[in-house]
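[1] Could you look at this predicted model? Sequence included:
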Number of protein chains: 2
Amino acid sequence: MSHSSLLDALRGVVGPNQVLTDGDLDAYHLDWRQRWRGRSLAVVRPGSTAEVAAVLRLCHEARVAVVPQGGNTGLVGGGVPDESGQQILLSLTRLQAVRAIDRANLTMTVEAGCVLQVAQEAAAAADLLLPLSLASEGSCTIGGNLATNAGGTQVLRFGNARELCLGLEVVTPRGEIWDGLGGLRKDNTGYDLRHLYIGSEGTLGVITAAVMRLYPRPAARMTALAACASLEDCVALLQLAQARADAALTGFEAMNTFSLALVRRHFPQLAQPLAPSPWTVLLELSDAQDEAHARTVFEGLLEAALEGGLISDAAVATSVAQSRTMWQLRESIPLAQALEGLNIKHDISVPVSRIPAFVRQADAALARAFAGARLVNFGHLGDGNLHYNVQAPEGCTAVDFLREHEHAVNAIVFDAVAAHGGSFSAEHGIGALKRDELAQRKSPVALDLMRAIKAALDPAGLMNPGRLL
Amino acid sequence: MSHSSLLDALRGVVGPNQVLTDGDLDAYHLDWRQRWRGRSLAVVRPGSTAEVAAVLRLCHEARVAVVPQGGNTGLVGGGVPDESGQQILLSLTRLQAVRAIDRANLTMTVEAGCVLQVAQEAAAAADLLLPLSLASEGSCTIGGNLATNAGGTQVLRFGNARELCLGLEVVTPRGEIWDGLGGLRKDNTGYDLRHLYIGSEGTLGVITAAVMRLYPRPAARMTALAACASLEDCVALLQLAQARADAALTGFEAMNTFSLALVRRHFPQLAQPLAPSPWTVLLELSDAQDEAHARTVFEGLLEAALEGGLISDAAVATSVAQSRTMWQLRESIPLAQALEGLNIKHDISVPVSRIPAFVRQADAALARAFAGARLVNFGHLGDGNLHYNVQAPEGCTAVDFLREHEHAVNAIVFDAVAAHGGSFSAEHGIGALKRDELAQRKSPVALDLMRAIKAALDPAGLMNPGRLL
């Protein structure tokens, strides 16, 4: 089939207005960090699962590659086409229905293109909680969240996107529809295809809908900040908080001095209730009972931590507005960093117990190699996940530092991660950005298994080629 | 390679005493329900992961099939050899070390042959909780639990074995070792091989070790019984309990009148605190604070349920001994059933919201087909998982009823399950017993995907052939 007859056939399936080939297609071709700009044969926007299946059947027949895309908020270049102009960009954004909310089963069935925040709001309207929450929730989609196994701020209690998903609807590379939308909490009937597709970054097929777990909304949410002298104390505080609050502990974020100094510099209007200390921890409790109970648990916990010498000071939010400001401090770090200038970002994880040793090793190695390099170290400590970012030394031009040293900085950080049994991509995935890193750093046995799976499920190699593997 | 030179080579790897070919091998060849008795070329008992790898390399070279086995407590004939005498029975029971407990990371690294109860006790000795808990915990192994994705009584809060596993060590069919024992809570570096191996029933390789999640031990555990007039009320009670107790609700088991009547008949010494009612629910709270708090939550919940008309009566255990007796009532049902005579067992799941409609449909269809058939209906209602068992009508010979009608009874039950979007095997898996059912009832697209994966990862078809697929 020629490309032009493929395009005609695609127009027949989705309608002529949903096959875009002209005009400004940057919304689809350019990733939002503007690191990758591709071109496509066409942007195709199916309106239903059946149309997705028909599109994939046609592309398979024509042996044309397909790049699935949700909200185009990925951080690793996994959702934009390459520069060949020979790929079909398959946009899922028209599949946006919340198909069903099942209150007794605590589940919702959502289409892939549904924006995360819309899904959250639909759950809230049923007085339930969809706990998946990340910075891009206003534009990222459920399908993208699952294709990349998104993390976010509520993983400590609720897990990653993977753990929140009870079922999938998937279109295979040959255009068949697998309806795995059971919504069952127990189902031992064969290999778990759901978990294979989650995190496969569009390389094995296209997720078109999912059943997501919902939870009762907490009666109260409360936030506190605590000052720690060391990462060891942060880890000990985490253990204490988990023992005393168990599942009610829904947030545990750590921020080093420099992270909050940057926030102070660039967002002076944000009140910082604690004096600077080596580490500041944000804790969040979600209480099934009420605010008074949450306060009792927090006060008991923080008193015990003060007595045990794990923290030197603490502040419990006394209002929802104060809680929000505390979270804003945490969430302003990436923006404050951007205002300070380009930096080298990492999204790494190690076992929680190894965080102090990892940071010691990486800090020392970077200081040896790049005197004055500044570390914006913060993140989801409760998940072992740090955004360990490296900012050029004061006075250096950030762009030059990045260009000259990014590779060497990455090698130092990733070597330290490997030495502590960690992962060089905790929540952002592989995409185009970390594909070489994966090939170099992942165990050869695991890579062989992955390649065998890819060859088995996408023998023609048409699904998001050049990404992940 | 001839069989005798294979056996010689295996003796060279694991030592002559660990290759068993003579004497009474029923412990390995006969499943514990005594439904399948196989024979093997030899029972091989490696003592380390490296030995498992060497054994698989030799078997691969000789093109001899391998049946992995843990505690031999499976319910579907997945862990015993077939009758050919041509398969190697690979017993993992000598790999039983608890390799490490990481308190700050809340994980333990355990070898596949470690008995579940031993692992539980090791966690408890570190003042932590390994929440996986099932009837066979005194003899089942972690490797078997993961290979079959075991369920049990704590799934409501903690998930299945799958959700409790953070990493695996696996030997591939060709004898390579994949070390995936990171113990990370976030790791987005490629396809999730861990979840593919979990629940694959030994058909893709051999799990030799795992990293399991641990939790703080609850400060208090408390149990209550409540009487419900209908399954609709049970489901509404579950919703209320989840909203009020959230993650502290760790158990929610339902039992119909006949289940508890059988317990009363065969275990008259077990006190039943409530008068018979259509449904009796066992609720368990695990409280991070203390017993007094758990009691307050229970009292508030049960009062609200009484006021709302969801329950007609309730009893909260006032001691650990009383809690234990309540659980004993629940756990004695299978034994009481066995004392009553053979019965046709089912391990099904449907979305929680569909339980009442499913039971109505299945009850009515069975009553039409088999007047007087008695239903022992009980199970993990909070997970949508019922053990919907059918006992012969009073006066019928149980053995005859089973022989004549098992197939027809299964068809009625599984058709009703399918009509409500459920699974015919919620927690026990497929093995040999339900292989035909899988081929008939699973979606053809899903079956094709599974077969492609099997062919890709075990092209020679040597891993547990004839099981699952």
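    Looks like it came in fine.
[2] in terms of contact, does A:Asp31 touch A:Gly79 like I think?
    Yes - A:Asp31 lies in contact with A:Gly79 (Cβ atoms under 8 Å); the separation is 6.9 Å. The C-beta positions use only the backbone N, C-alpha and C, and glycine is treated the same way.
[3] any shared contact partners between the two?
    A:Asn72 (Cβ atoms under 8 Å, 6 or more residues apart in numbering or on different chains).
[4] And those two? Which one has more around it.
    A:Gly79 (30 against 24; other Cβ atoms under 10 Å in any protein chain shown).
[5] excluding its backbone neighbours, what's nearest the more buried one?
    Once flanking residues are discounted, A:Gly79 sits nearest to A:Gln69: 4.4 Å by Cβ to Cβ, 6 or more residues apart in numbering or on different chains.
[6] Can you name the residues bridging to that neighbour?
    A:Ser91 (DSSP bridges).
[7] Run through the residues that contact it.
    A:28, A:79-80, A:89-92, A:144.
[8] Using a markdown table, lay out those together with pLDDT.
    Below are those laid out as a markdown table (pLDDT from 0 to 100):
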| residue | pLDDT |
| --- | --- |
| A:Tyr28 | 98 |
| A:Gly79 | 97 |
| A:Val80 | 97 |
| A:Leu89 | 98 |
| A:Leu90 | 98 |
| A:Ser91 | 98 |
| A:Leu92 | 98 |
| A:Gly144 | 98 |
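[9] Just the element for A:Val263, please.
    Per DSSP states H and E, A:Val263 falls inside helix A:257-266.
[10] which residues touch that helix?
    Taking Cβ under 8 Å, 6+ apart as the rule, helix A:257-266 contacts A:270, A:272, A:276-280, A:329, A:332-333, A:335-337, A:339-340, A:374-378.
[11] now, which of those residues lie within helices?
    With helices taken from DSSP state H, the overlap with these comprises A:329, A:333, A:335-337, A:339-340.
[12] Which residue ranges of the stretch 1-150 of chain A form helices?
    A:3-14, A:26-29, A:49-62, A:116-125, A:142-147 (DSSP state H, counting those that start in this stretch).
[13] Mind putting these into CSV with mean neighbour count and distance to B:Leu402?
    Listed next are the helices of the stretch 1-150 of chain A as CSV, based on neighbours: other Cβ atoms under 10 Å in any protein chain shown; distance: least, Cβ to Cβ, whole Å:
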stretch, mean neighbour count, distance to B:Leu402
helix A:3-14, 16, 53
helix A:26-29, 18, 61
helix A:49-62, 21, 43
helix A:116-125, 18, 46
helix A:142-147, 30, 44
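[14] Dump those helices to CSV, plus distance to chain B.
    Listed next are the helices of the stretch 1-150 of chain A as CSV, based on distance: least, Cβ to the nearest Cβ, whole Å:
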stretch, distance to chain B
helix A:3-14, 20
helix A:26-29, 23
helix A:49-62, 11
helix A:116-125, 14
helix A:142-147, 11
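[15] okay if I get the ones you listed as JSON lines plus distance to B:Tyr197?
    What follows is the helices of the stretch 1-150 of chain A, written out as JSON lines (distance: least, Cβ to Cβ, whole Å):
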{"stretch": "helix A:3-14", "distance to B:Tyr197": "38"}
{"stretch": "helix A:26-29", "distance to B:Tyr197": "37"}
{"stretch": "helix A:49-62", "distance to B:Tyr197": "28"}
{"stretch": "helix A:116-125", "distance to B:Tyr197": "30"}
{"stretch": "helix A:142-147", "distance to B:Tyr197": "20"}
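[16] measure the closest residue to A:Leu106 other than its chain neighbours to chain B for me?
    Take A:Leu106 and drop its neighbours on the chain: the residue closest to it by Cβ to Cβ, 6+ apart is A:Leu214, 4.7 Å away. Separation of A:Leu214 from chain B (Cβ to the nearest Cβ, to the nearest Å): 10 Å.
[17] Also A:Ala416?
    15 Å.
[18] what's the answer for A:Val80, then?
    A:Val80 is 18 Å from chain B, by Cβ to the nearest Cβ.
[19] so how many other residues sit close to that residue?
    By other Cβ under 10 Å, the residues close to A:Val80 number 27.
[20] cool, A:His407 as well?
    With other Cβ under 10 Å as criterion, A:His407 counts 10.
[21] likewise A:Leu196?
    Other residues close to A:Leu196 by other Cβ under 10 Å number 22.
[22] That one belongs to a helix?
    Yes - A:Leu196: assigned to a helix according to DSSP: H, G, I helix; E, B strand; the rest coil.
[23] which residues touch it?
    Listed by Cβ under 8 Å, 6+ apart, the contact partners of A:Leu196 are A:204, A:453, B:191-192, B:195-196, B:453.
[24] Please identify which helix or strand holds A:Met326.
    Assigned by DSSP H and E, A:Met326 falls in helix A:320-331.
[25] contacts for that helix?
    Contacts of helix A:320-331 (Cβ under 8 Å, 6+ apart): A:135, A:221-225, A:253, A:255, A:260, A:263, A:270-273, A:282, A:284, A:317, A:378.
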